[in-house]
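Asks: Next input, structure requested:
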Amino acid sequence: MKSLNILIVEDEILIAETIKLYLQEANHKVCAICISYDEAITAFHLHSPDLVLLDIRLFGEKSGIDVANYLKSIEPKSLYIFLTSQHDKRILDLALKTIPYGYIAKPLQKETLWTSIEAAYQLFTFHYKEPEKIEISDGKENYKLNVNEILYIQADHVYSHIFLEKDKKLIIRKAIQYLHDLLSPTLFVRCHRSFIINTEFVKKWNREVVEMSNGTIIPISKSYKEITNNKLKD
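Replies: You can find the predicted model right below:
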């Protein structure tokens with residue numbers, strides 16, 4: 001996964017330093033280590049971390065739950081995971097009410113830390129990430145398209161027909177390979193030399209064809225069969 005900028009909020013310095021080493025081993029960056037509510041809020045606004053690792057018990061009167069409630073109250077939304085050895089059900093219930101993206105019990109294992117961070121980050125970006133956009137031109141007008149609106153793309157010699165939601169279509173004088181290079185492989189797959197499909201709009205498929213959500217039937221060619229089926233299964 002990508003390298004993240006992470007804020008550690010943990011009042012036991014030795015544990016915090018160990019966590020820092022684990023994170024650096026996974027190619028993440030630690031922007032700060034904080035031991036209290038006030039330090040955490042200040043560091044959060046100073047560094048704008050991608051993720052906050054948050055112990056429930058902190059130095060001072062306020063806890064990690066107070067930090068989480070603060071993060072929950074502001075925009076844009078923030079990603080945080082609790083780290084704790086706390087077993088009090090009442091405290092755990094209060095922590096879970098903040099709707100964290102993860103909860104890791106101490107003593108933690110570095111592999112658990114890594115996988116929890118990756119899962120939390122993917123879930124968070126799925127919920128809150130701004131839709132990806134691409135900029136293209138039809139020769140006269142320039143367009144900034146939200147990729148989530150693209151159902152599929154069909155090649156037509158030197159042109160590409162871009163089929164969008166709500167029965168809209170855009171024709172540009174660009175080869176389909178040009179668009180293929182622009183689009184995220186996480187969302188799109190080329191199933192035929194003449195077609196690229198958005199996997200989010202696939203209604204059903206077999207090894208020969210794909211049916212899109214608007215009813216369009218698109219062929220899967222032999223050379224793209226394996227990659228298409230693997231992508232759709234994922």
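Asks: immediately after the helix ranked longest in the chain, which helix or strand?
Replies: Looking across the chain with DSSP state H, the single longest helix is helix 110-128. Once helix 110-128 ends, the next helix or strand along the chain (criterion: DSSP states H and E) is strand 133-137.
Asks: List the buried residues of that next one.
Replies: By neighbour count with 16 or more other C-beta atoms under 10 Å, strand 133-137 contains the buried residues residue 136. Every C-beta, even on glycine, is put in place using the N, C-alpha and C of the backbone.
Asks: Off-centre distance for it?
Replies: Centroid separation for strand 133-137 versus its chain: 21 Å, with C-alpha atoms, centre = their mean, to the nearest Å.
Asks: Low-confidence bits of this structure, can you list those?
Replies: 1, 86, 129-131 (pLDDT under 70).
Asks: Would you mind measuring from the residue with the largest distance to the centre of it to residue 195?
Replies: In the chain, the residue that sits farthest from the middle, by C-alpha atoms, centre = their mean, is residue 157; the gap is 35.1 Å. Relative to residue 195, residue 157 is positioned 14 Å away (C-beta to C-beta, to the nearest Å).
Asks: Also residue 71?
Replies: Noted for residue 71: a distance of 43 Å to residue 195, by C-beta to C-beta.
Asks: same question, residue 107
Replies: 51 Å.
Asks: ok, now residue 234?
Replies: From residue 234 to residue 195 the distance is 19 Å (C-beta to C-beta).
Asks: Looking at these two now, which is surrounded by more residues?
Replies: It is residue 195, of residue 234 and residue 195, that has more neighbours when counted by other C-beta atoms under 10 Å, with 21 against 8.
Asks: which residue sits closest to that one, ignoring its sequence neighbours?
Replies: Leaving aside its chain neighbours, residue 195 sits nearest to residue 218 (5.1 Å; criterion: C-beta to C-beta, 6 or more residues apart in numbering).
Asks: Quickly list what the one you found is bridged to.
Replies: Note on residue 218: beta-bridge partners by DSSP bridges are residue 210.
Asks: What sits closest to residue 37 if chain neighbours are left out?
Replies: Per C-beta to C-beta, 6+ apart, closest to residue 37 is residue 62, 3.6 Å.
Asks: What does residue 152 show for phi and psi?
Replies: Backbone geometry at residue 152, expressed as degrees, to the nearest 10, gives phi -160, psi 170.
Asks: still on that earlier bit, please look at the residue nearest to residue 37 and residue 34 and confirm they touch.
Replies: No - using C-beta atoms under 8 Å, residue 62 makes no contact with residue 34, being 11.9 Å away.
Asks: okay, those two: which has more neighbours?
Replies: Neighbour count, other C-beta under 10 Å: between residue 62 and residue 34, residue 34 has more, with 24 against 16.
Asks: and stretch 100-116, how far apart are its ends?
Replies: Length of stretch 100-116, first residue to last, C-alpha to C-alpha, to the nearest Å: 12 Å.
Asks: whoops, stretch 142-150 was the one
Replies: Termini of stretch 142-150 sit 16 Å apart (C-alpha to C-alpha).
Asks: can you list the residues that contact it?
Replies: Here stretch 142-150 makes contact (C-beta atoms under 8 Å, 6 or more residues apart in numbering) with 131-137, 162-165, 170, 183-184, 187-188, 198, 200.
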